[in-house]
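Peer 1: Provide a 3D model corresponding to the input given below.
(chains A, B and C)
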Amino acid sequence: MIPGLPPLIGSLIMSAIVLGFVVGLVAYTTLLERKFAARMQSRVGPYRVGPHGLFQPIADGIKLLLKEDLVPASADRMVFNLAPVVFVVPCLLIFATIPFAPGIGVADLNIGVLFFLAVSSMEIVGLFMAGWGSNNKYALISVMRAVNQIISYDLPLLFAALVPVMLAGSLKMSDIAAAQGGGFWFIFYPVLGQIGFLAFMIAGVAAENRTPFDILEAESELVAGFRVEYSGMKFGLIQLGEYAHVIGTSFLGALLFLGAWAGPGPAWLAPLWFLIKAMLVFLLFTWVRWSFVRIKVDQILAVSWKLLLPLTLGLVLVTAVVVVMRGSHG
Amino acid sequence: MAEVRAIDYTGSERLTMNMGPQHPSAHGVFRAILTLEGEKIVGVDAVIGYLHRCHEKLAENLAYVQYPSIASKTDYVAAMSSELAYVMAAEKIAQFEVPKRAQYLRVIVNELQRVASHCLWLGTWCLDMGGALGGGTSIFLYCIRERETVLDLFESLVGARLLYGFHQVGGVRYDLPAGWAEQCRATIDTIGKRLFEYEEMLEDNAFFEARTRNVGVISSALAQDVGVSGPLLRASGVDFDLRRDQPYSSYQDFQFKVPVETEGDCHARYRVRMVEFRESIRIVRQVLDSLPEGPISSRPGVKSLGQVRVPKGEAYARVEGPRGEVGCYLVADGSQKPYRMKWRGASFSNLAVLPYILPGVTVADVVAIMGSVDPVFGEVDR
Amino acid sequence: MGNPVSRGFFAEAAALAGAVFRAMRITGLNLFRKPVTVHYPEKPRAYPDRYRGLLALTYDPKTGEENCIGCRLCEFICPPAVIKVEMLKSTGRNYAKSFSLELYACEFCELCVQVCPTDAIVMTKSFDMATTDRRELLMDKDRLHAIGLQHQPSWGTGNRLRDAQAPPAPPKKPTAESAPAAAAPAPVTEPTAAPTEAPKPDPPKPEEAKA
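Peer 2: This next block holds a predicted model:
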């Protein structure tokens, strides 16, 4: 909140700043991913558009804007056109609850983490609308699988996120960040922190449809995924939403496990540290993405229900016990 | 790409899906009309011929000195093996002697070609399974990086990277330039080391195993009935390798192991080819160590069109290419052009096994199976 | 579909974790390797001596005359028949009245180079000929000569190739090591005087190819 201004105006300005920042970050994160993936594959990524490819995202954006906007004749027009919007809105909304520095943020809710995870899984609606509106049988099948997958992995994601929540004792994000202020980040917490982070990463990768869990795009081996019928800026919006979701989850991971903005140096460097940590989590996601072949649908669901869910439930149980014992001791 | 026409026969959920001739997991131009019941395939109708370029007719119109560089275009990924089959057939009919050095050079070049071809196979197979954006791409690019070094070797030797024209009737056209042997040794050492990296990425990897174990099982009886050859045959338990059992071009002088696996699934084919990688490298080292001096051709270098005349006769020459048995059946009539040539493409027979192994698998497995069969449509359609 | 033998929960999880870390280690390792990209066209690629690039016609360096005698051997041997030559008879030697080469259909198989008795047609160490109009790739004699002057020819010329492939002549005298017994090509690093070649074949050097 900006002091001195009426709350409504203040939050509007803050929202605009955060939105602009997020969209810019999303664009340049695509470049970061491409360069990182390229270096892992013994090549350089985008190189020619601007010095070392720095203008590549801008060029991509302009290209998408200039493309023809195709709507299949037999598609359900309203659903088809609305789907990217319904998809992108929750993906951007999650940034409203993230505090980028102590006191800077759009809305630091009391139930921040819960709001984040609940809203981020609303993208499923947009996803499903895209698959349905395309009127393409295989887009629909692929998106139904994606919905299945996201729902299966949202549970372990929630439970893994509950571990730092319980250790900090609050769902409010700035409280969780403050609880790690002393340099003892939750990832350093013996056993619970590391396994919690690991479970969060796995569930996060799956909830965002990234390889190796990208069965959504695996249909592109034979049929393109749900994005097949989209072109131009609608496709751009879907990409924007996807990457925003990934970055949002990276920010959440950095906040929950890596101490958010804690870092050496003056207080105004705090958002920078947060950004660096979030990008580190993002690079970890990217590293996983470019290392594995895809796995099959039954395997994906088996990992979720048979491996991750019991693991995270067990984690939550143990964390609860630890918290109660800690609380009863002092 | 994919069109879907629902054909409702008896009220069951049968769907006809068209895969190809252009599809993302492109192994070439191939069209498979799949009949699906839900997720499982119940019927396969393979349509080939999109790459037919009349090789056999061309061979009737081109002289023996002209055709070897065209022969490389049948199996363009393993061009050296293709050329070798043709020149061996001509030499067999005419009883031309091939000098020892030329035979050894042919072995080096064929084994290097096997390494390059398997690099491409591994890369594209992982690309299909891992997606164009994802881990599959990483392995693909690593394999291509290694393949490029082998192609650099060929470039120093022949001047061309993919389609060579290296063999000619009576011997080979190019000798080793200075320093090539050292470069070759360095290259195969590097590839040998990098192979361990690929295996680390793939071996014991639950994702990889889930996609390849028990998928696309070809039984030993089926393999022999249909006539598959090469790694497919050896992965199904049949211990047969032309280089060892019917040696040609001095292969009997070298020690190498012939890998055989019994399961017959995609994983077995993968293991067979990975071992073949290493054995090829071993053979190249042995050849380099024992390369004799001598001429590289028993016939004078090509100076005119009618230089090579093969007397009347017919012969069938077989070569163990990376995909299987590549064969060339030549009927000569005493002139400078063959009367008839019949080309046995390894992939043509290998593809014939698809209607037997595809029914019963899901659509996603088709890609893994096609990749492990490793067809090249130049030799399917000729 | 078929799954490997289930090994129990913790063994399975441990195997999965192990596989994950191994695979990520390899990609991480490659992260620190130098990229193999060659930034063409700013940095030129090193072409080997035998590179089969664009075709060119050459002049005799001593007399400045064209090497081509219009014998049409290249036309007859070309598999896709892209060369068309007309001979111009003259006193002393013949010339080529016209020489057209359809570069867009050329296979780059080097057979025409191999049969040329005067080393007139050679391949150069360049392939930079991308155009937007295919008609620009229909080479006539002047353009072929221009390419020959512009680019460096590669090692393979007719006489060199034929000499390298010739089988050994039966030994005549026991003293001199006659004939190309070693059948060795000239060393790869020999610089050729760009852009022309001597029309007479060099006597074969009795050097050993280092193998």
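Peer 1: neighbours around residue 71, how many?
Peer 2: With no chain named, the answer covers chain A. Summarising burial for A:V71: neighbours were counted as other CB atoms under 10 Å in any protein chain shown, giving 16. Heads up, the C-betas are built off the backbone N, CA and C, glycines and all.
Peer 1: oops, I was thinking of chain B
Peer 2: Using other CB under 10 Å, the number of residues around B:A71 comes to 28.
Peer 1: state the phi and psi torsions of it.
Peer 2: Backbone dihedrals for B:A71, given as degrees, to the nearest 10, come out at phi -60, psi -30.
Peer 1: then B:L15?
Peer 2: Main-chain torsions, B:L15, degrees, to the nearest 10: phi -130, psi 140.
Peer 1: hmm, who's touching the helix or strand hosting A:V89?
Peer 2: The secondary structure element spanning A:V89 is helix A:77-93 (assigned by DSSP states H and E). Contacts of helix A:77-93 from elsewhere in the structure, counted by CB atoms under 8 Å, 6 or more residues apart in numbering or on different chains, are A:19, A:22, A:71-72, A:119-123, A:125-127, A:129-130, A:132-134, A:229-230, A:234-235, A:237-238, A:240-242, A:244-245, A:248.
Peer 1: at 6 Å what do you get?
Peer 2: For helix A:77-93, contacts defined as CB atoms under 6 Å, 6 or more residues apart in numbering or on different chains pick out A:119, A:122-123, A:125-126, A:129-130, A:132-133, A:234, A:237-238, A:240-241, A:244-245.
Peer 1: buried sites along whichever helix or strand comes after that helix?
Peer 2: The first helix or strand that comes after helix A:77-93 along the chain, using DSSP H and E, is helix A:112-120. When neighbours are counted by 16 or more other CB atoms under 10 Å in any protein chain shown, the buried residues of helix A:112-120 are found to be A:112-117, A:119-120.
Peer 1: between the contacts of helix A:77-93, which is nearest chain C?
Peer 2: Nearest to chain C, judged by CB to the nearest CB, of these is A:H245 at 22.4 Å.
Peer 1: is that closest one in a helix, a strand, or coil?
Peer 2: Classification of A:H245 by DSSP: H, G, I helix; E, B strand; the rest coil places it in helix.
Peer 1: check the one 10 residues further on too.
Peer 2: The local conformation at A:L255, judged by three-state DSSP, is helix.
Peer 1: residues contacting it?
Peer 2: The contact partners of A:L255, taken as CB under 6 Å, 6+ apart, are A:173, A:177.
Peer 1: for it, give its distance to A:F116.
Peer 2: Using CB to CB, to the nearest Å, we find A:L255 at a distance of 9 Å from A:F116.
Peer 1: ok, now C:D128?
Peer 2: To A:F116, C:D128 is 55 Å away according to CB to CB.
Peer 1: please apply the same query to A:Q194.
Peer 2: A:Q194 sits 22 Å away from A:F116, taking CB to CB as the criterion.
Peer 1: and A:F188, by the same measure?
Peer 2: Separation of A:F188 from A:F116 (CB to CB) stands at 23 Å.
Peer 1: and for B:F348?
Peer 2: Taking CB to CB as the measure, B:F348 and A:F116 are separated by 57 Å.
Peer 1: where does the chain dip in pLDDT?
Peer 2: Answering for chain A, as no chain was given. A:1-4, A:182-183, A:211-225, A:328-330 (pLDDT under 70).
Peer 1: my bad, chain B
Peer 2: For chain B, the stretches with pLDDT under 70 are B:1-13, B:23-26, B:131-135.
Peer 1: one more time with 80
Peer 2: Along chain B, segments meeting pLDDT under 80 span B:1-15, B:17-28, B:38-39, B:128-136, B:200-201, B:203-207, B:210, B:301, B:363-364.
Peer 1: near chain C, which residues of chain B are found?
Peer 2: Within chain B, the positions lying close to chain C (CB under 6 Å from any CB of the partner chain) are B:62, B:66, B:69-70, B:138, B:145, B:155-156, B:159-160, B:165, B:175-178, B:181, B:197, B:200-201, B:204-206, B:209, B:213-214, B:291, B:293, B:295-298, B:300-303, B:305.
Peer 1: just the buried ones from those residues, in ChimeraX syntax?
Peer 2: Selection of buried members from the residues of chain B next to chain C for ChimeraX, criterion 16+ other CB under 10 Å:
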select /B:62,66,69,70,138,145,155,156,159,160,165,175,176,177,178,181,197,200,201,205,206,209,213,214,291,295,296,297,298,301,302,303,305
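Peer 1: okay, now the residue lying closest to B:A71 once chain neighbours are set aside: neighbour count?
Peer 2: On the basis of CB to CB, 6 or more residues apart in numbering or on different chains, the spatially nearest residue to B:A71 that is not a chain neighbour turns out to be B:Y86, at 4.2 Å. The local packing count at B:Y86 equals 28, with neighbours defined by other CB under 10 Å.
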